[in-house]
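Participant: Show me the folded form of this:
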Amino acid sequence: MTNHKTPCFWILLPLALGACPSAGGSDDTTSSSDSSAGTTAGPSDGSTTSDGGTMSTSSGASQSESSDGADTTQGTETTGGPQPMLAGECPLADRVGGFLFDMESNYTAFSGSVADGVVPVTVLEEVGVEGDCKLLRRNNPFCDPLCSPGETCDFDGECIPYPTNHNVGTVSVTGLFDEVMVEPKAPTFSYFDTMLSHPAWDPGAPLVLQTTGGDYEAFELHGNGVTMVDPIGDTLVLSTEESVTIQWNPSGATNARLHLELNVDQHGITPVSLICDAEDTGSLELSSGLIADFLEFGISGFPRSEYYIQTADSVTIEPGCVELVVRSHVTRGLSVAGHTPCDDPSDCPKGEMCNLMIQTCEPI
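Facilitator: Below is the predicted model of the structure:
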């Protein structure tokens with residue numbers, strides 16, 4: 001197993017909610033982690049910290065039995081012992097922040113932040129569901145008059161203060177090859193470490209994130225080291241006429257699930273993504289009906305598919321829900337029958353021209 005430092009000279013903040021507020025009352029950026037619906041976070045159990053305060057922990061994360069005596073742990077072959085049940089990702093409507101371990105092909109990075117409110121544009125609308133998959137639409141709130149700097153528009157058409165990131169103290173993570181201990185970077189109070197070993201953990205290793213507390217009470221989150229996601233096949237082809245079977249090599253990692261994101265409308269005003277969160281079994285079927293519903297919302301630009309193997313845990317603190325996602329990621333090809341993307345006229349077949357605004361070949 002490789003264990004060496006890989007420098008990374010850019011800051012990865014896909015879970016940060018500290019993006020610059022829009023003076024026009026419309027926020028256009030969401031992350032991949034913001035595009036998935038989660039499960040309800042567990043309540044605080046009132047655990048005591050070393051400084052005598054209280055620490056919120058995720059549901060079942062620090063105890064082996066629930067209040068009714070049921071066993072809330074599950075075994076693992078990778079670590080040889082029981083592991084805490086994880087609460088899953090935050091519901092988007094409650095998510096005020098989170099922390100992310102992102103393992104790509106050549107680096108692993110840590111980032112995160114916690115805000116005092118939910119950014120409205122990150123709350124995606126569910127417009128379809130089938131099994132483990134959902135169609136989620138990003139809507140852009142509109143306010144008239146436009147919001148002032150430092151404000152954002154909510155879905156009631158009202159300008160509200162843009163959520164501000166807060167100091168939650170020192171964030172430390174154990175269970176890695178090298179322990180992470182990070183202080184917030186003012187003035188955005190973001191947390192990041194881009195100099196981790198790569199990979200940063202043993203597969204299945206139990207990871208524990210703890211904060212010392214700052215503007216909010218201390219809290220604890222759990223995760224597991226994941227293996228690199230390994231899809232089978234290079235390019236998915238979507239058609240309204242046929243179902244598609246997604247295949248990958250199961251990771252076998254403790255608590256791991258497959259997270260899949262398909263995007264075919266890169267230039268839509270209110271684009272829809274197909275998001276799946278499934279057991280790590282190695283196979284997932286998308287029905288022709290779900291695909292037809294997905295494509296009906298619009299196709300433009302270069303489609304893409306993102307595969308993740310991940311674990312997710314969450315906890316509720318004063319302003320809302322905070323999560324920890326530990327994931328590996330690869331991008332694979334995606335095409336749509338009858339759609340030709342382009343960024344040059346030569347990309348289009350005879351009889352069509354490239355509409356550069358939407359990167360789509362259209363009949364002349």
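Participant: rest of the way, CA atoms for contacts and neighbours
Facilitator: Fine.
Participant: For residue 281, list the residues it contacts.
Facilitator: Applying C-alpha atoms under 8 Å, 6 or more residues apart in numbering to residue 281 gives the contacts residue 250.
Participant: send the alpha carbons of stretch 251-265 over as CSV?
Facilitator: Extracted C-alpha coordinates of stretch 251-265, given in CSV (Å, rounded to 0.1, in the frame of the first residue of the first chain):
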residue,chain,number,x,y,z
SER,A,251,-15.6,-2.1,-2.1
GLY,A,252,-16.4,-4.2,0.9
ALA,A,253,-15.6,-1.2,3.1
THR,A,254,-17.5,-0.9,6.3
ASN,A,255,-20.7,1.4,6.1
ALA,A,256,-19.9,2.2,2.5
ARG,A,257,-22.5,3.1,-0.1
LEU,A,258,-22.4,3.9,-3.8
HIS,A,259,-23.3,7.5,-4.6
LEU,A,260,-24.0,8.3,-8.3
GLU,A,261,-24.6,11.6,-9.9
LEU,A,262,-25.7,12.0,-13.5
ASN,A,263,-26.0,15.4,-15.1
VAL,A,264,-27.1,16.0,-18.7
ASP,A,265,-28.3,19.6,-18.6
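Participant: Am I right that residue 107 is in contact with residue 101?
Facilitator: No. Using C-alpha atoms under 8 Å, residue 107 is not in contact with residue 101; the gap is 10.6 Å.
Participant: Please identify which of those two sits among more neighbours.
Facilitator: Neighbours per residue (other C-alpha atoms under 10 Å) separate residue 107 from residue 101, with residue 101 holding more: 23 against 19.
Participant: what helix or strand is the more buried one on?
Facilitator: strand 95-103 (DSSP states H and E).
Participant: what angle do the helix or strand that that strand is followed by and strand 95-103 make?
Facilitator: Helices and strands here follow DSSP H and E; after strand 95-103, the next one along the chain is strand 108-114. For strand 108-114 against strand 95-103, the angle by axes from the mean of the first three to the mean of the last three C-alpha atoms, to 10 degrees is 170 degrees.
Participant: and strand 108-114, what other elements does it pack with?
Facilitator: The contact analysis (3 or more C-alpha pairs under 8 Å, 6 or more residues apart in numbering; DSSP states H and E) places strand 108-114 against strand 95-103, strand 191-193.
Participant: Partner strands of that strand, with direction?
Facilitator: Counting by DSSP bridges, the strands paired with strand 108-114 are strand 95-103 (antiparallel), strand 191-193 (antiparallel).
Participant: Tabulate these (JSON lines), appending mean pLDDT.
Facilitator: Formatted as JSON lines, the strands paired with strand 108-114 follow (pLDDT from 0 to 100):
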{"stretch": "strand 95-103", "mean pLDDT": "98"}
{"stretch": "strand 191-193", "mean pLDDT": "97"}
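Participant: so residue 322 bridges to which residues?
Facilitator: Residue 322 has these beta-bridge partners by DSSP bridges: residue 97, residue 315.
Participant: And for it, the neighbour number?
Facilitator: 28.
Participant: Could you measure from it over to residue 268?
Facilitator: Counting by C-alpha to C-alpha, to the nearest Å, the gap from residue 322 to residue 268 is 30 Å.
Participant: now swap in residue 126 and tell me
Facilitator: With C-alpha to C-alpha as the criterion, residue 126 and residue 268 are 17 Å apart.
Participant: Tell me the buried residues in stretch 248-264?
Facilitator: By neighbour count on 16 or more other C-alpha atoms under 10 Å, the buried set for stretch 248-264 is 248, 250-264.
Participant: Now do the end-to-end distance for it.
Facilitator: Start-to-end span of stretch 248-264 (C-alpha to C-alpha) is 21 Å.
Participant: Show me the shaky parts of this structure.
Facilitator: Along the chain, segments meeting pLDDT under 70 span 1-83.
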